[in-house]
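# I'd like to go over a predicted model; first the sequence, then the structure.
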Amino acid sequence: MMSATRILEGLGRFYIGLLLAFLYLPIVIMGLMSFNASPFYQLPFEWTTKWYEDLSRNTQLLAATWNSLEIAVITTVISTLLGTAASLALFRYEFRGKKFLQALLFPPIAIPWLITGTAMLIFFFGIGIGRGLHAILLGHVALALPYVIVVVSARLQTFAPELEEAARSLGANQWQVTMRVTLPWIMPGVIAGALFAFAVSFDQFVVSYFLSTPGQATLPVEIYAAIRKGFTPEINAVSTIIIAVSMGLMLITARFFRFGGEK
Amino acid sequence: MAGNIAAGPLSGIRPALPLLAPAYLWLTLAIFLPLSAMAFFSFMTDLPLSGKDWSFTIRNYAAFFSSGLYVTLLWSSLRLGLEVTLWCALIGFPAAYVLAKVLKGRSREAIFLLVILPFWSNGLVRIFSWAMVLREGGILDVVLNAILPFKISVDLMYSYPAVIIGLVHSYVPYMVLTCYLTLQAIDDSLIEAARSLGASRLQVLRRLIIPLAMPGLIAGAVLIFVPVVGSFMEPRILGGRTGTFYGTVIEDQFVAVFNWPLGAALSFILLAVVLVILAAASPVLRRAT
Amino acid sequence: MTRLIATLTATTVFASILVFAAQADEVHVLNWKGYGADEPWAVEAFEKATGNKVVNDFFNSEQEMLTKLRTNPGLYDVVMINAAFNDQAMSEKLIQPIDLSKIPNAADISPDKASSPMLNHDGKAYGVPWVWGLTALAINDKSFDTPPASISVMWDEARKGRVVIRDDAVEAIQFGAIATGQNINDIKDMDAVKAKLTSLMPQIRTFWSSENDWNQMVASNQIDVGTYWSGSADRAKTQFKLPVSLVIPQEGSVAWLDAFSIPVGSKNVAGAEAFINYMIDPKFYVEWVTKVGAPVSANEKAVAALPEESFNRKVMGDPEVAKRIQFQAPITDEQREKYLALWQELKVNVK
């Protein structure tokens, strides 16, 4: 009995290892190619740090990277707050039109970003919002919101409403119930939603492309402009740095904080 | 669909408004109103922006049915979406289970984060890296030939499987995460109780775990199926000559010929079809819960 | 409704003026990325010589370029437009007439290009020819002992699965026209083009869309032959040292002409004129060809300044080649949509 569990556990770990290998294969290649001399991913491998040196001089690419990080962080904060609030409301209250509100979350996910981006461009012009980082932020939060709401709602479904009721009957007000009972339970969902929001914004090309002005581009916009003629492994270099830094930050976070919803 | 078991004691929209309003107002300003404008354009012969005369028409919607082309493409895109979703579920659910129920302690948080991290790299750079793995003489080819005693030639680049691999790679983390969120919430004592009552592992999985994890599976499936149907970048780059899908022809209307009305009409047809599929699937899925 | 549109347009213009109030000594240039105008050494030399600051912006398709002009009135001072699109930009009032007397180097542009009806309307010049080039074939040197002479190499059974063509409806259809011996600007027998391209599909490895695609595929030795732009083939060889050679098949090639224009509402017309003058200057051109690789300059003196053996002078300047090439004329939106429909059908049915 015990040994069967052990074997299953071992298999489980092995399986996770395989999955991580699959997920990280292209990332590792991306990193390796940032140290390869050929700009066309040519083999045999020839070690160089040239692309990192080029990158350190490429102010345009670096500025775009900072823009992207800034926008992604702000987007994450806003969309996680608003999205979690909306998920709570959709979970807690019964009202007419709720199904409709939930269905409204699909168009932003289903309509290809190209169309959404074009629509935003025309509309923002029409009402005077124009283009620029503020417009990009407006668009990114809107794109990230449905993801946050869907993810947080999935977690909320495992929540027993009786818990809220019990807390209420013990005299807690709505705010206390939310902060002390509900939020701690859905925290893993909120964190996952935030990570999604960051990814949606950080990798968002189309909307940023339409809404950015020259000199205010984001990283994906720079990358897509580059592939037409001048794609160089500098892009791999900057991506590698981002991944390495975020991996470091994440592992530190995981080391010192518990958020997996351990009971 | 999110939140369909909602059984809160509270009713009426008034108390819900302060929580709902910020998110939905934001969505209205940045998505719903622009898309409504786009829906309006989809009934026009030309954009007012281009300085040409225009009038109202349903020509753009009729175009969808006028030749078998778009129907064929939409069909193959739906199939692609379904296949990618299935693969993601098959790969992602067991991983989420291990993460939620087998691994304990701090390594779990670390791995949870590691699963999302690849997301933060640029989609296009990832696809280029896949190209390097999949092509003839690429990483996969070299590694397999180094391991296997016989010589094989692996060239998956520019094929349907390459598209599937690229898309599954991009979307499988969604499934792992959403499944993890619901699996992790299942009380271990419930599983132990079922086991001590004589249920086999398989029975526990089928009767207890999968039904309880269903909301996560559904959320993951929706988050994967919906965008994959309209995807165009992975098919175009990895699919080669087999990479023409519904999403790529929409892209062409916007990028190559500036026919926004037709492109918009094609997208709204896509949206309608996806919503109908989700609506039709929801009773089935709810019964499964 | 008309009023709403009018209001929309007015707001758009107003908002753009507020947002994009450019400084007077800046020259905002709209061009393909990596296409001469954004070379760091060139920008630096120009800035030093004139005191203007260059701000580059890029587009990825002609349609996008037009959209950017439409939605950013007053932002750009110089725009690079394929001559076949000049007419459309002019009739939409996106570009203004150019005073050639302010651009000294314009006098050296070859007369046939300078007087091209595509760039001149009502006796006024709306574009200054910059460079021209071909959409011809390029080969992977490793796959051929002797370069092929005919376009039929694309259909060669032995090359199956190692042929590429650009994912662009107009280019593909015009390529089909050349392969069937037709005039690219007046295709009479579309069925022949369709049949010819249908038989090409099984040969295709993939459809390329950017220069980077082509170079990566040839670098990893995945392809033998495909359609390619002359300037890009030159750059692949010169700058990246890839085994690429351009072939101008005996059946002919599509040629295009790129020109600079000044958008309506430019706030720095003098700077724009100076920039255009610099771009067509022989000194810039020779440096561009030597360091990077480029298409053929429209300026006769610039081409003459190249070494005698250089490809752009020897091959592209060959009168025999000149007889084989056909310059792209403007295409109507209807034609373009028809071409796209045909191209999509071909791509779908290949499955």
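Received, thanks. Computed from a prediction, not measured in an experiment: that's the story for all the values here.
# show me where the stretch 101-250 of chain A has helices.
A:106-110, A:113-126, A:133-156, A:161-169, A:174-176, A:183-202, A:206-211, A:219-228, A:234-256 (DSSP state H, counting those that start in this stretch).
# oops, could you answer that again for the stretch 101-250 of chain B instead?
Counting by DSSP H, counting those that start in this stretch, the helices of the stretch 101-250 of chain B are B:106-116, B:123-134, B:139-147, B:160-183, B:188-196, B:201-203, B:210-229, B:233-239, B:246-255.
# got any ranges where chain B has weak pLDDT?
B:1-11, B:47-52, B:106, B:284-289 (pLDDT under 70).
# centre-most residue in it?
residue B:224 (1.6 Å; CA atoms, centre = their mean).
# residue B:174 is in contact with that residue, correct?
Yes: counting by CB atoms under 8 Å, residue B:224 touches residue B:174, with 5.5 Å between them. C-betas here are computed from N, CA, C, even on glycine.
# overlap of the contact sets of the two?
Contact criterion CB atoms under 8 Å, 6 or more residues apart in numbering or on different chains; residues shared by residue B:224 and residue B:174: residue B:88.
# give me the domain ranges for chain C.
Listed by automatic domain parsing, the domain ranges of chain C are C:2-131+C:256-309, C:133-255+C:329-349.
# want to throw those into JSON lines with distance to residue A:186, mean neighbour count and mean pLDDT?
Compiled in JSON lines, those are given as follows (distance: least, CB to CB, whole Å; neighbours: other CB atoms under 10 Å in any protein chain shown; pLDDT from 0 to 100):
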{"stretch": "domain C:2-131+C:256-309", "distance to residue A:186": "40", "mean neighbour count": "19", "mean pLDDT": "85"}
{"stretch": "domain C:133-255+C:329-349", "distance to residue A:186": "44", "mean neighbour count": "19", "mean pLDDT": "92"}
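# of all those domains, which one is nearest residue A:50?
Among the domains of chain C, the nearest to residue A:50 by CB to CB is domain C:133-255+C:329-349 (14.3 Å).
# how many neighbours does whichever residue of the stretch 151-289 of chain B sits closest to chain A have?
Residue nearest to chain A within the stretch 151-289 of chain B: residue B:185 (3.4 Å; CB to the nearest CB). Using other CB atoms under 10 Å in any protein chain shown, residue B:185 has 25 other residues around it.
# so what's the backbone phi/psi at it?
With angles defined as degrees, to the nearest 10, residue B:185 sits at phi -80, psi -10.
# which residue sits closest to it, ignoring its sequence neighbours?
Nearest non-adjacent residue to residue B:185, counting by CB to CB, 6 or more residues apart in numbering or on different chains: residue A:158, 3.4 Å away.
# helix or strand for the closest residue to residue B:246 other than its chain neighbours, which one?
Once flanking residues are discounted, residue B:246 sits nearest to residue B:77: 3.9 Å by CB to CB, 6+ apart. Assessed by DSSP states H and E, residue B:77 sits inside helix B:68-97.
# now do the buried residues in that helix.
Of the residues in helix B:68-97, B:69-70, B:72-74, B:76-78, B:80-85, B:87-89, B:91-97 count as buried by neighbour count, 16 or more other CB atoms under 10 Å in any protein chain shown.
# got the angle for that helix vs helix B:210-229?
Inter-element angle recorded for helix B:68-97 and helix B:210-229: 140 degrees (by axes from the mean of the first three to the mean of the last three CA atoms, to 10 degrees).
# between the helix or strand of chain A with the lowest mean pLDDT and helix A:183-202, how many degrees?
Lowest on mean pLDDT, DSSP states H and E among the helices and strands of chain A sits helix A:219-228, with a mean of 78. Angle of helix A:219-228 versus helix A:183-202, following the same axes, to 10 degrees, is 30 degrees.
# can I get helix A:219-228 in CSV, CA atoms only?
Only the C-alpha atoms of helix A:219-228 are listed here, as CSV (Å, rounded to 0.1, in the frame of the first residue of the first chain):
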residue,chain,number,x,y,z
LEU,A,219,9.0,45.4,-26.3
PRO,A,220,6.7,43.2,-28.4
VAL,A,221,6.2,46.1,-30.8
GLU,A,222,10.0,46.5,-31.2
ILE,A,223,10.3,42.7,-31.8
TYR,A,224,7.7,42.6,-34.5
ALA,A,225,9.1,45.6,-36.2
ALA,A,226,12.5,44.0,-36.1
ILE,A,227,11.5,40.7,-37.8
ARG,A,228,10.8,42.3,-41.1
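# and for it, what's in contact with it?
So helix A:219-228 is contacted by A:60-61, A:64-65, A:67-68, A:202-205, A:208-209, A:212, A:217, A:231-232, A:235, A:238, B:122-125, C:32-34, C:58, C:60, C:210-212 (CB under 8 Å, 6+ apart).
# ok, back up a step: mean neighbour count for the helices of the stretch 101-250 of chain A - can I get that in a markdown table?
What follows is those, written out as a markdown table (neighbours: other CB atoms under 10 Å in any protein chain shown):
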| stretch | mean neighbour count |
| --- | --- |
| helix A:106-110 | 21 |
| helix A:113-126 | 24 |
| helix A:133-156 | 27 |
| helix A:161-169 | 15 |
| helix A:174-176 | 11 |
| helix A:183-202 | 23 |
| helix A:206-211 | 26 |
| helix A:219-228 | 23 |
| helix A:234-256 | 18 |
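# I'd like those written out as a markdown table, with distance to residue C:283 added.
Converted to a markdown table, the helices of the stretch 101-250 of chain A look like this (distance: least, CB to CB, whole Å):
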| stretch | distance to residue C:283 |
| --- | --- |
| helix A:106-110 | 52 |
| helix A:113-126 | 40 |
| helix A:133-156 | 39 |
| helix A:161-169 | 77 |
| helix A:174-176 | 72 |
| helix A:183-202 | 43 |
| helix A:206-211 | 35 |
| helix A:219-228 | 27 |
| helix A:234-256 | 29 |
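# show me what from the stretch 151-300 of chain C comes close to chain A.
Proximity of the stretch 151-300 of chain C to chain A (CB under 8 Å from any CB of the partner chain) is limited to residues C:210, C:211, C:212, C:215, C:216, C:219, C:220, C:240, C:242.
# these two touch, right, the second one and residue C:232?
Yes: the criterion here is CB under 8 Å, and residue C:211 meets it with residue C:232 at 4.8 Å.
# so for the residue of the stretch 251-351 of chain C found nearest chain A, what's the nearest residue that isn't a sequence neighbour?
The stretch 251-351 of chain C approaches chain A most closely through residue C:292 (10.0 Å), counting by CB to the nearest CB. Leaving aside its sequence neighbours, residue C:292 sits nearest to residue C:239 (CB to CB, 6+ apart; 5.4 Å).
# the residue of the stretch 251-351 of chain C closest to chain A contacts residue C:238, correct?
Yes: assessed by CB under 8 Å, residue C:292 is found in contact with residue C:238 at 6.9 Å.
# kindly list the main-chain dihedrals of the residue of chain C found nearest chain B?
At 3.5 Å from chain B, residue C:206 is the closest residue in chain C, using CB to the nearest CB. Dihedral pair for residue C:206: phi -160, psi 170, per degrees, to the nearest 10.
# list the contacts for the nearest residue to it once chain neighbours are set aside?
Leaving aside its chain neighbours, residue C:206 sits nearest to residue B:240 (3.5 Å; criterion: CB to CB, 6+ apart). When contacts are counted by CB under 8 Å, 6+ apart, residue B:240 touches B:157, B:158, B:159, B:162, C:204, C:205, C:206, C:207.
# residues contacting residue C:316?
C:133, C:134, C:230, C:296.
# from those residues, which two are the most distant?
Counting by CB to CB, the most remote pair of the contacts of residue C:316 is C:134 and C:296, 8.8 Å apart.
# shared neighbours of these two, anything?
Common contact partners of residue C:134 and residue C:296 (CB under 8 Å, 6+ apart): C:230, C:316.
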